[in-house]
Structures are given as structure tokens and as C-alpha cells.
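J.: Show me how the following folds:
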Amino acid sequence: MSDHTPSWSDPHGDLGLQRGASDEEIKSAFRRLALLHHPDVHATSAGRMSAQFHFNKITAARNRLLGHRGTGGTAGPGGGA
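T.: Modelled structure (predicted):
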């Protein structure tokens, strides 16, 4: 896993992945990081704000890499999760 500061322009780096990662690797990295950065798991307001920032970054990175549209990251019309 990469040990650098995440950036909006590097979705692979935001998820700690190398370029060319498979869809399954992307999904797995997102799930792992989502458990760490989900705002609901932080007790303090400052912790939630920081977690929300990181959670938004990893969500955007996953969506860019997997080609999701919109902010929800869910399947489009007619698609199921």
C-alpha cells in the first residue's frame, strides 16, 4: 500500500493501489478503507469531519476507477447492488 498523502488526481494512490488494478482489487481496497474512514465510526466531531473528507476521497476514487456516475456509487437504473 502507498504511504503518501492522497490526492484527488490519483485515484489509484487514494486507494493504495498500483495502476492496472483489477475491479476486484479496487472494490476490496475501497471496502478496507471505508471501514477505517466511515464517519459513523468516529466519536468526536473533529474525527467525523476528517473521516468524511477521507471517505469522500476514497468514494470518488472508487467511482472514477469503476466508471460509476453520480455521488451514490450505486448501480444505475435497472441495476442492482
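
J.: For the protein, give me the ranges with low pLDDT.
T.: 1-8, 69-81 (pLDDT under 70).

J.: okay, which residue is most central for it?
T.: residue 58 (2.2 Å; CA atoms, centre = their mean).

J.: For the top helix by length along the chain, list every residue counted as buried.
T.: Longest helix of the chain, by residue count under DSSP state H: helix 45-66. For helix 45-66, burial by neighbour count (16 or more other CB atoms under 10 Å) applies to 48, 51, 54-55, 57-65. Yep, even glycine has a C-beta here, placed from its N, CA and C like the rest.

J.: ok, the residue nearest to the centre of the chain touching residue 34?
T.: Yes - shown here, residue 58 and residue 34 form a contact pair, counting by CB atoms under 8 Å, at 6.5 Å.

J.: Please save the CA atoms from the longest helix of the chain in CSV.
T.: C-alpha atoms of helix 45-66 as CSV (Å, rounded to 0.1, in the frame of the first residue of the first chain):
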residue,chain,number,x,y,z
SER,A,45,-16.9,15.9,15.7
ALA,A,46,-13.3,16.5,14.5
GLY,A,47,-12.9,12.8,13.9
ARG,A,48,-16.1,12.6,11.9
MET,A,49,-15.1,15.7,9.8
SER,A,50,-11.7,14.2,9.0
ALA,A,51,-13.2,10.8,8.3
GLN,A,52,-15.8,12.4,6.0
PHE,A,53,-13.1,14.1,4.0
HIS,A,54,-11.2,10.8,3.5
PHE,A,55,-14.3,8.8,2.9
ASN,A,56,-15.4,11.2,0.1
LYS,A,57,-11.9,10.9,-1.4
ILE,A,58,-11.9,7.1,-1.5
THR,A,59,-15.5,7.0,-2.7
ALA,A,60,-14.6,9.4,-5.6
ALA,A,61,-11.6,7.3,-6.4
ARG,A,62,-13.6,4.1,-6.5
ASN,A,63,-16.2,5.7,-8.7
ARG,A,64,-13.7,7.1,-11.1
LEU,A,65,-11.9,3.8,-11.4
LEU,A,66,-15.0,1.7,-11.8
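
J.: Great, nothing more from me.
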